[in-house]
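Colleague: give me the fold of what follows.
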Amino acid sequence: MKRKISAFLAAATSVLILSTGTAQANDDACGMVLCLGGRILGGDGGSECSSYEKKYFSIIKTKKGKFSPSRTAKERDKQLKKCPGGDSGIVSKIGDKFGGVRGL
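Modeller: Sure, this is the predicted structure:
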């Protein structure tokens, strides 16, 4: 399990390094993938991840004034897919676990 987490974090770090010259939205998306993907694999990003997690969970969609889990999950998924090097399997797992919830 530790090898899996280490491999994921190494790959995600390289994605962030490669995306340094891209727009802020892509950096935010890659940070969200890195931090939330780490949480799924049992890690905790600490204070470095709190801003990315806050941005992810601030994406909220409503229907008739009430929280809509399905619309929220769809919008959050769109945001995560902005990361050009994001692993689609991890993005899918993030959506399954956190997509339609209000917070951690």
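Colleague: okay, the residue of the chain positioned farthest from its centre: pLDDT?
Modeller: Distance from the C-alpha centroid of the chain peaks at Lys64, with 26.7 Å (C-alpha atoms, centre = their mean). Lys64 is assigned a predicted lDDT (pLDDT) of 95.
Colleague: and after the least confident helix or strand in the chain by mean pLDDT, which helix or strand comes next?
Modeller: Lowest mean confidence among the helices and strands of the chain (mean pLDDT, DSSP states H and E): helix 2-18, at a mean of 53. Following helix 2-18 in sequence order, the next helix or strand is helix 24-40 (DSSP states H and E).
Colleague: what residues does the next helix or strand after that next one touch?
Modeller: Downstream of helix 24-40, the first helix or strand assigned by DSSP H and E is helix 47-57. Helix 47-57 is contacted by residues 28, 31-32, 34-36, 38-39, 45, 76, 79-80, 98, 102-104 when judged by C-beta atoms under 8 Å, 6 or more residues apart in numbering. (Glycine included, C-beta is placed from N, CA and C.)
Colleague: and the two most separated of those?
Modeller: Farthest-apart pair in the contacts of helix 47-57 is Leu34 and Arg102; separation 21.7 Å (C-beta to C-beta).
Colleague: higher neighbour count, these two?
Modeller: Leu34 (23 against 10; other C-beta atoms under 10 Å).
Colleague: wait, the more buried one sits on Leu41?
Modeller: No. With contact defined as C-beta atoms under 8 Å, Leu34 does not reach Leu41; the gap is 10.9 Å.
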